[in-house]
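**Q** requesting a structural model of the entry that follows:
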Amino acid sequence: MIRSRKTWMALAALALLSASAVSAPAPQLPKSAGADADKWLLNDAEAVLVVNVKQIRSAAMVKSNEATIKAMLKENEQYKALTAAIGADPMKDVDIVLLSASGTSKDAKALLVVKGTFDQAKAHKGMEKLAKDKPDELKLVKSGTTQLYEIKAQDQTLYAGFANKNTLVATTTKDDTVTAIKSGGKKSAKIAKGMQAALKTFGDKDSVALAVVVGADLKKTIAKAPLMNNVAPKLQTITASLQLDKEATLKISGNTEDAKSAKALSNVLTLLKGLGENIEDLPPIATEAIKAIKIGNAGSTATATLKVTKELLEKAQKDN
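**A** Sure, this is the predicted structure:
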C-alpha cells in the first residue's frame, strides 16, 4: 500500500510538472509586435529589437512631415533599389521588423524577420534584376527547392527568403534561413530568465524597443568605456524604447544587481551628461538634446530619458 501511494504521488507530481510546462506563458512582447512575434525569435536570444514601422508611419510627428519624407525617399537610390528588390514599399507595406541575436563574434547568430505585405513574384523579378546589375552584392541561390537570396553587406553575408507572402526572413547561413522559412511562426522560442525580465519592459506604445542581456563578454566591453569599469560588472540587462506621437520619447534603462549599483550607474550617467553639455562645436540640436536628458534611478534600475518636443527643436533652430 505504501509503495502504491508513493507511485501515485510520483505520477501526480509528474502530471503537475507536465501541465505547468505545457501552460508556461509565452515570452512577453507587445501586442504591436504581432500575435506570433515570440515564434519568430531565436532560442535563447541575448538581444531582441522590435521596430513597429506601421506605428511609426502613423505617428503624428511623422504624418505632419509625410510629404517631405516621401520626397526625400523618392530621390534616394538605395530606397528605390530596396523597394524594387523586396516587391514592397517599406513606408507603406512593411509593418514590423524583428531582430534577435545571440552569441559572440565567433559563434554569433542573428535572425531578421520583416513582416508586411509582399508580392513574391514581383520581388523575385526585382532580385533577378539587381543580381544582374550588381552581382557582387546579390546572388540568387537555392537550398534544395527553397529559393534564397545571398546578400553582401559590407563584410557580412546574409541569406534571405520568403517564409510566406507576409514574412521575409534573413540569417547569416543558408541552413539557418531554411530553418526559419520552414519552422518559423510555429513554436514559441525558448527565452532565458534575464531576457524574459527585459522583454516585460516592452510596451504597446513603443515604436522601437530593444532588450539586451549583458553577458560576460559585453560586460568587458562596457567596462572599457569612460567611468564604467566599476559599474559594468553589475549590469544585467539594458533596454531602450522610442515612442513617437506628437513628440518623441527615448528611454534607456540599465538594470543592475542591486539599488546601490543602480545609484552608481545613475551618478556615472549624470557625470557623462555634464561633460557632454560642455563639448564645444556640437550642433545646437545636440547640445539642447543633451541638456534635456533626465537621469534617474529606482530600485535596481537607472534610466536616461529624452523628450524631443516641438519647443526643443524650435529652441535649437534659434540657437543655430
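**Q** which strand or helix spans the residue sitting nearest the centre point of the chain?
**A** By CA atoms, centre = their mean, the chain has its centre lying nearest to Leu49, at 0.8 Å. Applying DSSP states H and E as the criterion places Leu49 in strand 47-52.
**Q** each with direction, which strands does that strand pair with?
**A** Using DSSP bridges, strand 47-52 pairs in its sheet with strand 94-102 (antiparallel), strand 208-213 (antiparallel).
**Q** among the ones you listed, which is the most enclosed?
**A** strand 208-213 (a mean of 23; mean count of other CB atoms under 10 Å). No exception for glycine: its C-beta is placed from N, CA and C like everyone else's.
**Q** buried stuff in the next helix or strand after it?
**A** Using DSSP H and E, the next helix or strand after strand 208-213 towards the C-terminus is helix 216-223. Of all the residues in helix 216-223, those buried under the rule 16 or more other CB atoms under 10 Å are Leu218, Lys219, Ile222.
**Q** likewise stretch 229-240?
**A** Val231, Ala232, Pro233, Lys234, Leu235, Gln236, Thr237, Ile238, Thr239, Ala240.
**Q** now the fourth one: closest residue in space, sequence neighbours ignored.
**A** Translated: Lys234. Spatial nearest neighbour of Lys234, chain neighbours left out: Ser261 (3.7 Å); criterion: CB to CB, 6 or more residues apart in numbering.
**Q** which SS state does the one you found fall under?
**A** On the three-state scheme (DSSP: H, G, I helix; E, B strand; the rest coil), Ser261 is labelled helix.
**Q** so Leu265 makes contact with Gly254?
**A** Yes. Taking contacts as CB atoms under 8 Å, Leu265 lies within contact range of Gly254: 5.2 Å.
**Q** overlap in contacts of the two?
**A** Applying CB atoms under 8 Å, 6 or more residues apart in numbering, one finds that Leu265 and Gly254 are jointly contacted by Leu235, Ala302.
**Q** related to what we said a few turns ago, got CSV for the strands paired with strand 47-52, with distance to Asn76 too?
**A** Below are these laid out as CSV (distance: least, CB to CB, whole Å):
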stretch, distance to Asn76
strand 94-102, 16
strand 208-213, 21
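**Q** identify whichever of those lies nearest to Leu148.
**A** The closest of those to Leu148 is strand 94-102. By CB to CB, the value is 18.7 Å.
**Q** just to revisit the earlier point, for the buried residues of helix 216-223, which one is nearest Leu140?
**A** Within these, distances to Leu140 taken as CB to CB reach their minimum at Leu218, with 36.5 Å.
**Q** so the closest residue to the closest one other than its chain neighbours bridges to which residues?
**A** Distances taken as CB to CB, 6+ apart put Val212 closest to Leu218, at 7.4 Å, once the chain neighbours are dropped. Judged by DSSP bridges, the bridge partners of Val212 are Ala47, Ile238.
**Q** burial of Ala153, as a residue count?
**A** Neighbourhood size, Ala153 [other CB atoms under 10 Å]: 9.
**Q** so how far is Ala304 from it?
**A** According to CB to CB, to the nearest Å, Ala153 and Ala304 sit 30 Å apart.
**Q** again with Val51
**A** According to CB to CB, Val51 stands 21 Å off from Ala304.
**Q** same list (the buried residues of helix 216-223) but as CSV, adding distance to Asp93 and pLDDT.
**A** Shown next, in CSV, are the buried residues of helix 216-223 (distance: CB to CB, whole Å; pLDDT from 0 to 100):
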residue, distance to Asp93, pLDDT
Leu218, 35, 92
Lys219, 40, 95
Ile222, 38, 94
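**Q** from those, which is closest to Lys315?
**A** Within the buried residues of helix 216-223, the smallest distance to Lys315 is 32.6 Å, found for Ile222 (CB to CB).
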